[in-house]
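Enquirer: Quick one, fold the following:
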Amino acid sequence: MDESTRESIALFRYGLIAPILNGQVKSQKEYLAQIATIKHDVPHYGLKEFSPKTIEFWVRYYRRYGFDGLKPKGRSDKGSSRKIPAELSEKIILKRKESLGLSVTLFYESLVKEGLFYPHNISYTTVYRFLKKENLVEHTESITNERKRFSYDKVNQLWQGDTLYGPYIKVGGKKVGTYLLAFIDDASRLVPFGQFFLAENINSLKTVFKESILRRGIPKLVYVDNGKIFQSGDFSLACASLGITLIHTKPYDPAAKGKIERFFGTVRTRFLPTLDKEANFSLEDLNISFWKWLEEDYHRRNHTGINMPPLDFFISQFSEVKMCANPKILDEVFLKRVVRKVKHDATISLNSILYEVPFKYIGEKLDIRYSEDNLDEIFIYLDGKRIDSGKKVSFSDNTKIKRAKNIKDPSPLAFKEINKGREN
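Expert: As a prediction, this is how the structure comes out:
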């Protein structure tokens with residue numbers, strides 16, 4: 001199981017325990033009992049049920065070790081094969097085609113009762129993955145609970161986030177569209193941060209999310225739509241690492257994010273009309289004007305939804321705000337993650353760039369993390385902790401490095417000694 005799969009499983013587990021961690025459930029016992037009755041489609045493992053004790057175990061491990069505590073441990077029998085033998089595979093396929101009406105759980109139990117194999121030799125998960133690969137898993141209708149609109153009275157309980165198409169500006173003599181990415185606090189209607197960009201991508205989201213947390217603290221919940229940037233694995237991992245529950249709206253349901261949509265309406269009616277359409281302003285000018293309007297007008301003007309200015313509401317509950325104790329953590333949680341095998345010359349290739357790492361890692365597969373903003377250095381992680389680093393290969397510098405000599409150079413021989421015996 002590679003690191004990417006372990007992270008996907010940890011994200012799934014975090015999704016189940018997040019309501020407990022963030023105080024969203026009135027009775028933990030009732031919540032666990034409800035969760036235990038549902039079959040969950042788990043990454044790598046397939047459909048599984050979990051007992052309340054198992055979920056409670058995940059809660060304890062998250063509180064003790066953080067997000068990395070939710071990752072499955074490595075196999076104790078690593079290196080041995082868990083594949084189903086070819087002859088047995090054919091029998092399972094034939095039997096499955098005859099009993100497609102059975103759930104995989106009942107089908108697995110029937111195979112064990114017939115004596116085709118023992119559970120300690122071939123697990124339910126192995127059979128499920130095999131049937132899934134052969135397209136022989138029954139089609140189950142997924143059950144989704146009806147979502148209700150959120151409404152909180154405490155600051156930083158919930159942030160809503162979204163993107164707005166902004167005005168066109170001239171870049172290099174051409175008109176280019178802009179995008180406003182922002183978050184809004186559900187209770188106070190305060191906007192932690194927002195910024196216009198020329199592109200809607202994960203880097204834009206990272207900039208706004210990091211700045212929002214640095215300025216206004218860490219929210220418990222983040223509510224966004226199903227846009228590509230909000231569905232990215234990088235954003236999901238960042239939220240989970242910070243203890244934030246990430247919630248997505250139903251597709252094609254903009255009304256679900258009513259507060260951020262209303263804020264964007266205010267931007268259209270109160271900010272954009274103030275811009276001089278004839279002026280040749282830059283992206284920097286646009287953002288400076290927006291930030292000034294946000295702090296001096298929007299945050300200080302009475303909001304009809306709360307009957308007071310958003311900034312006053314937020315300040316009145318500042319004791320509820322959990323600030324980020326170590327800003328460097330925000331840089332770490334947004335690092336890109338890949339797995340690379342170290343070559344015999346202690347180098348790895350990443351984005352067509354060659355990096356050198358310590359020689360002790362030759363032949364090993366490493367969990368590599370890096371920032372797209374700075375490709376001069378990469379970081380080596382083990383079990384979620386940074387243990388080493390690597391740097392971009394400099395071929396010119398390497399030619400100047402003095403190599404250690406493994407053997408002692410022989411003394412130079414005199415010309416007479418070399419030609420000794422050849423004089424005749």
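Enquirer: where in the chain is pLDDT low?
Expert: Within the chain, the ranges that satisfy pLDDT under 70 run 1, 74-82, 138-151, 251-256, 395-424.
Enquirer: Would you mind splitting it into its domains for me?
Expert: According to automatic domain parsing, the chain comprises the domains 3-70, 86-133, 158-320, 335-398.
Enquirer: where's the second one relative to the chain centroid, distance-wise?
Expert: From the chain centre to the centre of domain 86-133 is a distance of 34 Å (Cα atoms, centre = their mean, to the nearest Å).
Enquirer: cool, stretch 293-313 as well?
Expert: Worked out by Cα atoms, centre = their mean, stretch 293-313 lies 33 Å from the chain centre.
Enquirer: Could I get the buried residue list for that stretch?
Expert: Applying a neighbour-count criterion of 16 or more other Cβ atoms under 10 Å, one finds 293, 294, 298, 299, 303, 309, 310, 311, 313 buried in stretch 293-313. In this view, the C-beta of every residue, glycine as well, is placed from N, C-alpha and C.
Enquirer: All the strands of the stretch 101-250 of the chain, residue numbers only.
Expert: Using DSSP state E, counting those that start in this stretch, the strands found in the stretch 101-250 of the chain span residues 158-165, 169-171, 174-176, 179-185, 193-197, 221-224, 245-248.
Enquirer: give the contact list for residue 43.
Expert: Listed by Cβ atoms under 8 Å, 6 or more residues apart in numbering, the contact set of residue 43 reads 5, 8, 9, 11, 12.
Enquirer: Render the CA-only coordinates of stretch 25-34 in PDB, please.
Expert: What follows is stretch 25-34 as a C-alpha-only set of coordinates in PDB (Å, rounded to 0.1, in the frame of the first residue of the first chain):
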ATOM      1  CA  VAL A  25     -23.200  15.600  17.300                       C
ATOM      2  CA  LYS A  26     -25.300  15.800  20.400                       C
ATOM      3  CA  SER A  27     -24.800  12.200  21.500                       C
ATOM      4  CA  GLN A  28     -21.600  10.500  20.500                       C
ATOM      5  CA  LYS A  29     -23.100   7.100  21.400                       C
ATOM      6  CA  GLU A  30     -26.100   7.600  19.100                       C
ATOM      7  CA  TYR A  31     -23.900   8.900  16.300                       C
ATOM      8  CA  LEU A  32     -21.600   5.800  16.500                       C
ATOM      9  CA  ALA A  33     -24.500   3.500  16.600                       C
ATOM     10  CA  GLN A  34     -25.900   5.100  13.400                       C
END
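Enquirer: Which one of the contacts of residue 43 is nearest to residue 203?
Expert: residue 11 (21.1 Å; Cβ to Cβ).
Enquirer: Burial check on that closest one, number of neighbours?
Expert: Per other Cβ atoms under 10 Å, the neighbour tally for residue 11 reads 19.
Enquirer: Let's have the domains of the chain in CSV, adding distance to residue 328.
Expert: Output for these, formatted as CSV (distance: least, Cβ to Cβ, whole Å):
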stretch, distance to residue 328
domain 3-70, 15
domain 86-133, 38
domain 158-320, 11
domain 335-398, 11
